[in-house]
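> Here is the input, now give the coordinates:
(one chain, ligands or ions: 1)
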Amino acid sequence: MQRRDFLTGAGVAAMLPLPAAQAADLPAVRWRLASSFPKSLDTIYGAGETLAKRVAALTGGKFQIRVFAGGELVPGLQVLDAVGNGTAECGHSAGYYYVGKNLALAFDTAVPFGLTARQQNAWMYAGGGLSALRKLYAKYNVVQFPGGNTGTQMGGWFRKPIKSLADLKGLKMRIPGIGGQIMAKLGAVPQTLPGGDIYPALERGALDAAEWVGPYDDEKLGFHKIAKHYYYPGWWEGGPQLSFYVNQASWKALPEQYRQAFEVATAEANQLMLAQYDAKNPPALLRLVGQGVKLHPYPKDVMLAARRATFELYEEEAKTNPDFAAIYRPWKQFRDTEFQWFKVNEAAYSNFNYYVK
Ligand code: CA
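Numbering: from 1, shown residues only. Predicted structure coming up:
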């Protein structure tokens, strides 16, 4: 190009991408997203909407994703299967719903005494987590993307205070997944109930305790009206990550520009959910305490016994499940190194600011 041409409008236009012309060449694509979550969980369900809106905006409206709440297209706990078999092109779910298929899928969400949200992001985007998990998800015909995080969850609502490990004996608690398995080892009787069924079970005394998410979501379900004792931390969910799933064939068929749009929109949704929880949980906790909720840390003997039982379970699983071992070994090393770093600097900063008057 001549320098003279370069300075004219025509010359500049020739050098710049032409989004409108490009978009005209790209196909209209319509996908369905099967979410595991009800619309009432606005922060979690909302990640699917965030993704759909951004993908449409980045593709001139050509790539449209329609979001279906849990149960609308498929039951909430069948999203992995639905995306794997192409019933939906994509989904939004949590890996630990599918530990019945493979316990290693829990690393995609949270495992007891695992990573915080910050550390999970570090592992996923920069610590080998995403490629390790994609290898696992390929067995289920799915490509996976980080899709939000709730931050450290609370440890649940108890009708009576828990003073020591002995108080867990025979206690009926709604706590699903590996956290429930550990609670069983500590003497409790874990129950798996969907969100809508927890309040009535607490009310009629079928449950002594229940965990859900954190102040913002828990307040909406009203547990504080029955069980006043609110424990922390939720040691089984230090930074649970939600995930977007895409059917492998659908992903391969997608134009490169749409893949870029999808990928960047998942990263946005991932960040936005944690921001919403971190902004909404503090005022919700203040409201709950204002209504007479009593906050308690888990007794130290409970925490210590839970951690011991947790790592015994991981070591046992790693002996018989090669998928689990392949992720667990490097994950554990990454976790331990992260904890060393956060212990030195972040914890000192936080402890001084939060506790020293
Ligand atoms: Ca939970």
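> which helix in this protein runs the most residues?
helix 256-290 (DSSP state H).
> Tell me the buried residues in it?
Within helix 256-290, the residues that count as buried by 16 or more other C-beta atoms under 10 Å are 257-258, 261-262, 265-267, 269-270, 272-274, 276-277, 280-281, 284-285, 288. For glycine as for every other residue, the C-beta is placed from the backbone atoms N, C-alpha and C.
> Same question for stretch 94-111.
The neighbour-count check on stretch 94-111 (16+ other C-beta under 10 Å) flags 94-99, 102-111 as buried.
> Contacts for it next, please.
36, 76-77, 79-80, 114, 120, 129, 132-133, 136-137, 139-140, 144, 177-178, 236-243, 310, 314, 317, 321, 323-324, 326-328, 331 (C-beta atoms under 8 Å, 6 or more residues apart in numbering).
> Skipping adjacent residues, who's closest to residue 155 in space?
Nearest residue to residue 155 in three dimensions, chain neighbours excluded: residue 231, at 3.7 Å (C-beta to C-beta, 6 or more residues apart in numbering).
> which stretches of the stretch 201-350 of the chain form strands?
Counting by DSSP state E, counting those that start in this stretch, one finds strands in the stretch 201-350 of the chain at the ranges 209-210, 229-232, 241-247, 294-297.
> Model confidence at the spatially most central residue of the chain, what's the number?
Centroid-nearest residue in the chain: residue 241, 2.2 Å away (criterion: C-alpha atoms, centre = their mean). pLDDT for residue 241: 98.
> likewise residue 112?
The predicted local confidence for residue 112 is 98.
> give me every residue that touches it.
178-179, 182, 235-236, 306-307, 310.
> top of the residues you listed by neighbour count?
Highest neighbour count within the contacts of residue 112, by other C-beta atoms under 10 Å: residue 236, with 28 neighbours.
> Check the gap between residue 47 and residue 350 for me.
As for residue 47, its distance to residue 350 is 27 Å (criterion: C-beta to C-beta, to the nearest Å).
> low-scoring pLDDT stretches of the stretch 251-357 of the chain, where are they?
For the stretch 251-357 of the chain, applying pLDDT under 70 flags no range at all.
> okay, stretch 189-197 in PDB with CA atoms only?
Taking Å, rounded to 0.1, in the frame of the first residue of the first chain, the C-alpha atoms of stretch 189-197 are listed here in PDB:
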ATOM      1  CA  VAL A 189     -26.700 -38.900  59.100                       C
ATOM      2  CA  PRO A 190     -26.300 -36.900  55.800                       C
ATOM      3  CA  GLN A 191     -29.400 -36.300  53.600                       C
ATOM      4  CA  THR A 192     -29.600 -35.100  50.000                       C
ATOM      5  CA  LEU A 193     -32.600 -32.900  49.400                       C
ATOM      6  CA  PRO A 194     -33.200 -30.300  46.700                       C
ATOM      7  CA  GLY A 195     -33.400 -26.600  47.900                       C
ATOM      8  CA  GLY A 196     -37.100 -26.400  47.900                       C
ATOM      9  CA  ASP A 197     -37.600 -29.400  50.200                       C
END
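> and that stretch, what's its mean pLDDT?
Here the average pLDDT along stretch 189-197 is 88.
> Now it: buried residues?
Neighbour-count burial for stretch 189-197 [16+ other C-beta under 10 Å]: 189-191, 193, 195.
> Kindly reformat those as TSV containing secondary structure and distance to residue 202.
Converted to TSV, the buried residues of stretch 189-197 look like this (DSSP: H, G, I helix; E, B strand; the rest coil; distance: C-beta to C-beta, whole Å):
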residue	secondary structure	distance to residue 202
189	strand	14
190	strand	15
191	strand	11
193	coil	10
195	helix	12
